[in-house]
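Peer 1: pasted the sequence and its predicted model underneath.
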Amino acid sequence: MSEASSIRSKKGWFWLSVGVNLGFLGVFKYYNFFAQSFVDSFSHLGIHMQLSTINVILPVGISFYTFHGLSYVIDIYKDRIKPERNFIDYSLFVSFFPLLVAGPIERATHLLPQMKVKRYFNYAKAIDGLRQILWGLFKKVVIADNCAEYANLIFNHSSNYSGSTLVLGALLFTFQIYCDFSGYSDIAIGTAKLFGIDLLRNFAFPYFSRDIAEFWRRWHISLSSWFKDYLYIPLGGSKGGTWMRVRNTFIIFLVSGFWHGANWTFIIWGGLNALFIMPSIIFKTNRSNLEIVAKGRSLPTPREFFDILLTFSLTVLAWIFFRAASLGQAMQIITGIFSKDLFKAPQTSPKPVILLIIIAFMIVEWIGREGRYAIENIGIRWTPVLRWSFYSFIIVCIGMYMQTTGSDFIYFQF
Amino acid sequence: MKRFTVRLCLFIAFASVFYVVTILIFGTFMPASLAKNFDNFGSLGFTRKRMSEAEKVKGVDVIVVGSSHAYRGYDPRIFKKEGLTVFNLGSSSQSPLQTKYLVDKYVKNLKPKLVIVDIYPILFGVDGLESQIDLISSGLMDEDIVKMSFEINDIRLYNSLIFGAFNNAFHLKKQKKNDTKGDTYISGGYVQSYERFKPKKVRFTQKITISALQLGAFKKTLAALKSKNIKYIIVQAPFSKSNYNSYTNNDEIDRLFAGLGEYYNFNKAMNLPDSMYYDDSHLNQLGVNVYNAKLIDTLKKNGVFNVVTGSKLKDSAKAYQASYQK
């Protein structure tokens, strides 16, 4: 592509590369969805068709390494980087093991140069990596897996449960998905640090966001910024009029939903988030909360607290669609929530000690929100014995409260 | 790199000590409800008492191994009337892994002529964790227990092992689940209860699954007994009809165990009312009186007790076995 003799030829190679990358994703991940939707739409018209679907196991992490590959191709096309001639370096960039299955989605401009230089062991970076791995592990095995046990129970039998139980289920899933995915990201980023590699940050305390726009700057950052750089801006970004901004916002959220999986629940989840963010897009307030909330203070102002609570509630509502097996189930859950038994005690819930741990976890996240991960700066100025005791206490919590039946990381399926 | 390695090793040592100390504090002072992966420590069903009695007994005619069905189902006083000494080595949720351990450990001392291997088939599908914690809580701590714990591989076991080791040495105040009210320990390992079953919930049907690991351990136990020339019989003590009928593959289970040795399923041979059960799974004393009488009668008729006197199995026993293998 970079050696193409004409612009036309360069474009040809570019679209061929993009087509090949997306082709694999399309065949493995979306063929069945489109085929089935095609058959279903004709069956509504009374025409019964039969299409064979592909019965293959979805390659783990295909959405992630497809996007790695795409960023490489696009950056070469845009002359941001030079093509990599060393096959080993390129292979390492695409398949670097910590991020292969669930990100963060790296950019060639960020990761490839790190692969090319000679690396030296960095004590401070390695220690920082271990600390981040520890926190990620805690989030996954203690918070996410314990929440998963009850979230799965409630979502899998949602029609049997009262409004308050369904709210609890949605809340538990909200914590589950955050701790599951950000826990994985922390482990991946921490592991990479042991090898002297810096990966992109993926989460920045999203549940302390004051509006949905801020939430999306803090949630799955590597994907959001990927869509912004490679889709939103090429579509015109915010440069056009209001209509253009609205259209582009809807496009990236719907595509983001579809990226997660070939299911209408993900598309509605994306659409719902687009709706939530729309007021700030129309009134151009989407960049009004760029700073860390309550920076330098211990507590938020009442206004900030209310904004956080509102944003969190909207997020919980959207997660119901993300988690539900079908649109019908999502609607049944939402209808069930707003029923007369909303204020009765939940029919099932985790042990009180687990609820206490979730609260303690959120307090630690709040205290550490100015770092790149919650415990990055906690205890840095303490005496070594006190600091080691703190890390050891986290290990004890893992041993004492981890969910022993465990489960895969949610984002492995994408 | 050297600095990193040294500091990491120091931290691992520090964290290990910290972990052990915290487990000891939790186990000694904190309520069990605050320790999710350490809330089962404390023996159930008088296992500690039973095992310490087993250490002292030298030579019995019959031992019974198995789950709580064993220690709640075979009354040594009833067998004594027949001139047979019985010791019950049952323990809560005892899976074949633990049965093998207990047989290996106690057969030498107890020198039984007959072993009644009581089976509760659903326990052939479990990992053995609950029973393993019960044994550790009861003070059993040796190389085999540690080895078996690593085979089961669960953090709850490791926590129990840490606390159990210190508890044995220093007799710390241990977390203990109270034994059920109304239970009385009877010398010989038996637990007597006159509580009555009050049926409440409807049981959903389910299929009994057999894990290869548990079945393997079970076969090894039988082989070990055989190699020592100790006669064994496999027995399924009765449990409530609603419980028994909830399993969809009882016949398949019968065929499996009949293929492994002399097998008696008293769920098919008896039809006891709910009032003879302690709960939907265990007999109460009224039920035990009836069941043990029937068991002794059946074993007598089939010549099983003759092993004590040296006679051979009667033809009637062979016919009894054939009925399961059909």
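Peer 2: Perfect, I can see it now.

Peer 1: isn't residue B:98 right next to residue B:91, touching?
Peer 2: Yes: using Cβ atoms under 8 Å, residue B:98 is in contact with residue B:91, at 6.6 Å. Bear in mind the C-beta positions are built from the backbone N, C-alpha and C, glycine included.

Peer 1: mind listing what whichever residue of the stretch 1-150 of chain B sits closest to chain A touches?
Peer 2: Nearest residue of the stretch 1-150 of chain B to chain A: residue B:18, at 3.7 Å (Cβ to the nearest Cβ). Residues in contact with residue B:18 (Cβ atoms under 8 Å, 6 or more residues apart in numbering or on different chains) are A:388, A:389, A:392, A:393, A:395, A:396.

Peer 1: per-residue confidence at the first one?
Peer 2: It stands for residue A:388. Looking at residue A:388, its pLDDT stands at 95.

Peer 1: before we move on, the earlier item: report the set of residues contacting both of residue B:98 and residue B:91.
Peer 2: Shared contacts of residue B:98 and residue B:91, defined by Cβ under 8 Å, 6+ apart, comprise B:131, B:135.

Peer 1: of those two, who's got more company?
Peer 2: Counted by other Cβ atoms under 10 Å in any protein chain shown, residue B:98 and residue B:91 do not tie: residue B:91 has more neighbours, with 32 against 27.

Peer 1: what about the closest residue to chain A within the stretch 201-326 of chain B, neighbour count?
Peer 2: Among the residues of the stretch 201-326 of chain B, residue B:204 lies closest to chain A, at 13.4 Å counting by Cβ to the nearest Cβ. Neighbours of residue B:204 under the rule other Cβ under 10 Å: 6.

Peer 1: now do residue B:291
Peer 2: Neighbours of residue B:291 under the rule other Cβ under 10 Å: 22.

Peer 1: close to chain B: what parts of the stretch 251-400 of chain A are there?
Peer 2: A:351-354, A:388-389, A:391-393, A:395-396, A:399-400 (Cβ under 8 Å from any Cβ of the partner chain).

Peer 1: now with 7 Å?
Peer 2: A:351, A:353, A:354, A:388, A:389, A:392, A:395, A:396, A:399, A:400 (Cβ under 7 Å from any Cβ of the partner chain).

Peer 1: from these, pick the one nearest residue A:154.
Peer 2: Nearest to residue A:154 among those is residue A:354, at 14.6 Å by Cβ to Cβ.

Peer 1: double-check that the closest one belongs to a helix.
Peer 2: Yes: under DSSP: H, G, I helix; E, B strand; the rest coil, residue A:354 falls within a helix.

Peer 1: looks to me like residue B:11 is in a strand.
Peer 2: No: looking at residue B:11 with three-state DSSP, it is helix, so not inside a strand.

Peer 1: list the contacts for it?
Peer 2: residue A:388 (Cβ atoms under 7 Å, 6 or more residues apart in numbering or on different chains).

Peer 1: give me the pLDDT value at it.
Peer 2: 95.

Peer 1: circling back: just name the closest of the contacts of residue B:18 to chain B, please.
Peer 2: residue A:392 (3.7 Å).

Peer 1: so what's the residue count around the closest one?
Peer 2: Neighbour number of residue A:392 under other Cβ under 10 Å is 20.

Peer 1: in what helix or strand does it lie?
Peer 2: Assigned by DSSP states H and E, residue A:392 belongs to helix A:384-401.

Peer 1: from the chain's centroid, how far away is that helix?
Peer 2: 28 Å (Cα atoms, centre = their mean, to the nearest Å).

Peer 1: circling back: which pair of the contacts of residue B:18 spans the longest distance?
Peer 2: A:388 and A:396 (12.3 Å).

Peer 1: more crowded one of those two?
Peer 2: Neighbours were counted for residue A:388 and for residue A:396 using other Cβ under 10 Å; residue A:396 has more, 21 against 18.

Peer 1: ok, the more buried one touching residue B:22?
Peer 2: Yes: counting by Cβ atoms under 7 Å, residue A:396 does reach residue B:22; the two are 4.7 Å apart.

Peer 1: secondary structure class for residue 210?
Peer 2: Just so you know, I chose chain A. Of the three states, residue A:210 takes coil under three-state DSSP.

Peer 1: check the spacing between it and residue A:245 real quick.
Peer 2: Residue A:210 is 20 Å from residue A:245, where distance means Cβ to Cβ, to the nearest Å.

Peer 1: and the residue in the stretch 51-200 of chain A that chain B sits nearest to, which of the three is it?
Peer 2: Chain B sits closest to residue A:121 of the stretch 51-200 of chain A, with a gap of 4.7 Å, by Cβ to the nearest Cβ. Counting by three-state DSSP, the backbone at residue A:121 sits in coil.

Peer 1: which non-adjacent residue is nearest it?
Peer 2: residue B:1 (4.7 Å; Cβ to Cβ, 6 or more residues apart in numbering or on different chains).

Peer 1: hang on, the one you found packs against residue A:122?
Peer 2: No: using Cβ under 7 Å, residue B:1 is not in contact with residue A:122, being 9.9 Å away.

Peer 1: compare neighbour counts for these two and give me the winner.
Peer 2: Between residue B:1 and residue A:122, counted using other Cβ under 10 Å, the more crowded position is residue A:122 (16 against 10).

Peer 1: list the contacts for the more buried one?
Peer 2: Counted by Cβ under 7 Å, 6+ apart, residue A:122 has contacts residue A:196.

Peer 1: recalculate using a threshold of 10 Å.
Peer 2: Neighbour list for residue A:122: A:128, A:129, A:193, A:194, A:195, A:196, B:1, B:4 [criterion: Cβ atoms under 10 Å, 6 or more residues apart in numbering or on different chains].

Peer 1: can you select the buried ones from those in PyMOL?
Peer 2: In PyMOL, a selection of the buried entries from the contacts of residue A:122 looks like this (16 or more other Cβ atoms under 10 Å in any protein chain shown):
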select buried, (chain A and resi 128+129+193+194+195+196) or (chain B and resi 4)
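
Peer 1: inside strands: which ones of the contacts of residue A:122?
Peer 2: With strands defined by DSSP state E, no entry of the contacts of residue A:122 lies inside them.

Peer 1: mind putting the contacts of residue A:122 into a markdown table with pLDDT and distance to residue A:14?
Peer 2: Formatted as a markdown table, the contacts of residue A:122 follow (pLDDT from 0 to 100; distance: Cβ to Cβ, whole Å):
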| residue | pLDDT | distance to residue A:14 |
| --- | --- | --- |
| A:128 | 95 | 38 |
| A:129 | 96 | 36 |
| A:193 | 95 | 34 |
| A:194 | 94 | 36 |
| A:195 | 93 | 32 |
| A:196 | 92 | 33 |
| B:1 | 85 | 43 |
| B:4 | 93 | 44 |
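
Peer 1: distance check, the nearest residue to residue A:143 once chain neighbours are set aside against residue A:22.
Peer 2: Counting by Cβ to Cβ, 6+ apart, residue A:143 lies nearest to residue A:179, which is 4.0 Å off, once chain neighbours are set aside. Noted for residue A:179: a distance of 31 Å to residue A:22, by Cβ to Cβ.

Peer 1: can you check residue A:299 too?
Peer 2: 47 Å.

Peer 1: hmm, back to that, joint contacts of residue A:388 and residue A:396?
Peer 2: The contact sets of residue A:388 and residue A:396 overlap at B:15, B:18 (Cβ under 10 Å, 6+ apart).

Peer 1: residue contacts, the residue of the stretch 51-200 of chain A closest to chain B?
Peer 2: Contacts of residue A:121 by Cβ under 10 Å, 6+ apart are A:194, A:195, A:196, B:1, B:2, B:3, B:4.

Peer 1: how does it look with 8 Å?
Peer 2: A:196, B:1, B:4.

Peer 1: now it: how far from residue A:221?
Peer 2: For residue A:121, the distance to residue A:221 - Cβ to Cβ - is 28 Å.

Peer 1: packing partners for the longest helix seen in chain A?
Peer 2: Longest helix of chain A, by residue count under DSSP state H: helix A:163-194. Applying 3 or more Cβ pairs under 8 Å, 6 or more residues apart in numbering or on different chains; DSSP states H and E, we find helix A:163-194 packed against helix A:97-100, helix A:123-138, helix A:145-156, helix A:302-323, helix A:327-337.
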